[in-house]
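Undergrad: coords please:
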Amino acid sequence: MSTENEGNEGNAVPPAPSAPPVPVDTPAAASAESAPPGDPYAAPARDPYAAPAGDAAREVPAAPAAPPATGAHPAPPAAAAHHEGAPAHAAPAAGAGSWPPPQPPAMPSYATGGGSGSGWGATYHPEEPKPGGRRGGLVAAVLAAALIAGGVGGGIGYWAAERNDNDTGSTTVSASDTPSDLKREPGSVAGIANKALPSVVTIEAQSGGGEGGTGTGFVYDTQGHILTNNHVVASAAEGGKLQATFSNGKKYAAEVVGRAEGYDVAVIKLKNAPSGLKPLQLGNSDRVAVGDSTIAIGAPFGLSNTVTTGIVSAKNRPVTSSDGGQSGKSSYMSALQTDASINPGNSGGPLLDGRGAVIGINSAIKPADSGGGLGGSGQSGSIGLGFAIPVNQAKNVAQQLIKTGKPVYPVIGASVALQQDGTNGATIPQDGTNGAAAITPNGPADKAGLKPGDVITKLDDTVVDSGPTLIGQIWTHKPGDKVKLTYERDGKEHTVDVTLGQRKGDS
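TA: Model (predicted):
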């Protein structure tokens with residue numbers, strides 16, 4: 001059996017970086033005894049650089065164990081972390097500092113840990129004033145000067161306001177705030193967001209055991225089908241619960257129609273779907289150009305209806321990502337890369353172009369604290385490296401899932417090593433998975449004359465530098481498509497036409 005749908009999991013991601021060190025020359029604050037109530041120069045009640053006491057972020061499941069080898073199996077060159085919401089009841093990590101500093105008490109904290117630690121997470125302790133010194137008097141003098149200045153400023157402000165009431169020569173112009181003046185142009189970001197938000201839902205998935213997370217989806221058709229990522233709904237696929245919440249706050253129970261683990265695409269359907277659903281317009285991801293404007297909509301860290309903007313940073317980016325530990329399998333994509341801010345919870349949400357048409361499904365990010373490579377399942381925030389499944393591919397998969405409930409994968413009928421073994425390409429190993437033949441007898445690769453040991457370096461005009469890159473490129477096609485493979489054997493380059501076969505379902 002072909003292993004095009006097999007991959008290795010992302011690597012675990014270390015905690016997010018803690019706050020930067022406090023400068024050593026920070027002036028000592030006044031003691032509590034020398035500062036009267038309301039003193040603006042008194043030491044703060046809580047150090048602004050101290051780590052927060054807790055957080056509201058959810059924990060993401062650990063990365064799955066590595067799958068059976070297909071020759072060699074270290075992590076592929078472009079594994080990315082999914083960014084679905086984390087389990088709802090995980091406790092925050094203790095002892096880790098957080099940066100940036102926490103928001104005021106009225107705002108929620110989304111840091112990854114609490115408490116003070118050492119190094120960048122250490123708490124700043126203000127220097128105690130020396131006994132018998134003159135520092136208290138200096139503070140009092142400065143305070144007195146501040147009070148006087150404040151009184152003078154207030155007096156001048158009152159005088160200016162009173163004078164302005166009778167001054168007809170003022171050049172100050174006030175902006176109008178009537179509703180008609182606040183309309184946004186349809187092509188503006190605000191206009192596009194206003195039109196798209198009613199068709200985007202926040203998905204809450206819960207397994208039979210009560211674990212789950214939060215992701216995003218969008219209306220695919222008027223029958224109530226919602227398009228999203230597999231890893232968003234995987235926890236609820238077997239006896240769990242799904243709920244979709246629209247931007248107006250209305251909630252609907254939903255059920256899984258079909259899932260494609262390899263593509264990381266899923267379709268769910270609203271139970272008792274309301275009338276008047278407005279599907280988002282689908283664009284053409286093949287015609288996207290680097291530099292085109294992008295708009296991402298989702299629920300990062302559970303903050304529903306969040307809109308961010310950016311550009312298409314790259315096309316055909318080979319990305320391998322794990323499903324957050326649900327099945328231990330990986331997905332492969334030839335992704336659109338964007339610098340629009342994407343975070344855990346954006347998964348499954350639409351990536352729109354400058355017209356408001358969907359060009360991709362936001363699926364993975366490169367976390368800031370994942371070390372040198374892409375991978376892991378951490379809760380890091382965006383660093384401007386987000387990846388989306390091209391909508392042309394997602395649309396084909398969605399149609400398969402709605403029609404049959406199962407995905408169909410194009411295959412060449414050959415296993416490929418998922419690790420670069422010193423060669424620049426996708427190597428066909430001597431043995432396939434679980435002792436099976438590396439080349440399927442009478443399959444497409446066998447008919448084309450490919451043999452174990454051949455190194456595939458191109459698919460049509462796309463350079464292939466690894467097994468995952470080849471898989472992602474094959475999966476942009478359909479069964480029956482004819483592709484041209486360039487490969488090396490015994491130091492010589494060969495080219496052959498291959499008609500893609502098919503495999504139904506996830507193995």
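
Undergrad: buried ones in the longest strand belonging to the chain?
TA: For the chain, the strand with the greatest residue count under DSSP state E is strand 306-322. Burial within strand 306-322, assessed by neighbour count using 16 or more other CB atoms under 10 Å, is assigned to 306-310, 312-313, 315-322. Just so you know, the C-beta spots here come from the backbone N, C-alpha and C atoms, and that holds for glycine as well.

Undergrad: Give me the helices and strands touching the helix or strand just after that strand, please.
TA: Where DSSP states H and E defines the elements, the next helix or strand beyond strand 306-322 is strand 330-338. Judged by 3 or more CB pairs under 8 Å, 6 or more residues apart in numbering; DSSP states H and E, strand 330-338 is in contact with strand 306-322, strand 358-365, strand 386-390, helix 467-474.

Undergrad: buried set for the helix or strand following the third one?
TA: Scanning forward in sequence from strand 386-390, with DSSP H and E defining helices and strands, the next element found is helix 391-404. Neighbour-count burial for helix 391-404, counted by 16+ other CB under 10 Å, picks out 391, 392, 393, 394, 395, 396, 397, 398, 400, 401, 402.

Undergrad: residues touching the fifth one, list them.
TA: This means residue 395. Contact partners of residue 395, counting by CB atoms under 8 Å, 6 or more residues apart in numbering, are residue 282.

Undergrad: Need the pLDDT of it.
TA: On pLDDT, residue 395 comes in at 96.

Undergrad: just residue 322 next, same as before
TA: On the pLDDT scale, residue 322 gets 71.

Undergrad: right, and residue 365 touches residue 386 too?
TA: Yes - counting by CB atoms under 8 Å, residue 365 sits close enough to residue 386 to count as a contact (5.2 Å).

Undergrad: what do these two both touch?
TA: With CB under 8 Å, 6+ apart, residue 365 and residue 386 have common neighbours residue 342.

Undergrad: about what we covered before: between the helices and strands packed on strand 330-338, which one is closest to residue 240.
TA: strand 306-322 (19.3 Å; CB to CB).

Undergrad: Sheet-wise, list the partners of that closest one with their directions.
TA: strand 79-82 (parallel), strand 293-298 (antiparallel), strand 330-338 (antiparallel) (DSSP bridges).

Undergrad: tilt between the second one and strand 386-390?
TA: Taking axes from the mean of the first three to the mean of the last three CA atoms, to 10 degrees, one finds that strand 293-298 is oriented at 100 degrees with respect to strand 386-390.

Undergrad: can you pull out the helices in this structure?
TA: Remark: helices assigned in the chain by DSSP state H are 135-165, 189-196, 230-233, 391-404, 444-447, 467-474.

Undergrad: mean pLDDT lowest for which of those helices?
TA: Per-segment mean pLDDT for the helices of the chain reaches its minimum on helix 135-165, at a mean of 39.

Undergrad: ok so, going back, can you put the strands paired with strand 306-322 in TSV and add mean neighbour count?
TA: Output for the strands paired with strand 306-322, formatted as TSV (neighbours: other CB atoms under 10 Å):
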stretch	mean neighbour count
strand 79-82	28
strand 293-298	25
strand 330-338	27
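
Undergrad: among the ones you listed, which is nearest residue 430?
TA: Closest to residue 430 of those is strand 330-338 (CB to CB; 22.5 Å).

Undergrad: send the alpha carbons of that closest one over as PDB?
TA: Only the C-alpha atoms of strand 330-338 are listed here, as PDB (Å, rounded to 0.1, in the frame of the first residue of the first chain):
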ATOM      1  CA  SER A 330       0.300  13.700   9.800                       C
ATOM      2  CA  SER A 331      -1.100  15.900   7.000                       C
ATOM      3  CA  TYR A 332       0.700  17.200   4.000                       C
ATOM      4  CA  MET A 333       0.100  20.400   2.100                       C
ATOM      5  CA  SER A 334       1.500  22.600  -0.600                       C
ATOM      6  CA  ALA A 335       0.500  25.600   1.400                       C
ATOM      7  CA  LEU A 336      -0.100  29.300   1.000                       C
ATOM      8  CA  GLN A 337       2.100  31.200   3.400                       C
ATOM      9  CA  THR A 338       0.900  34.400   5.000                       C
END
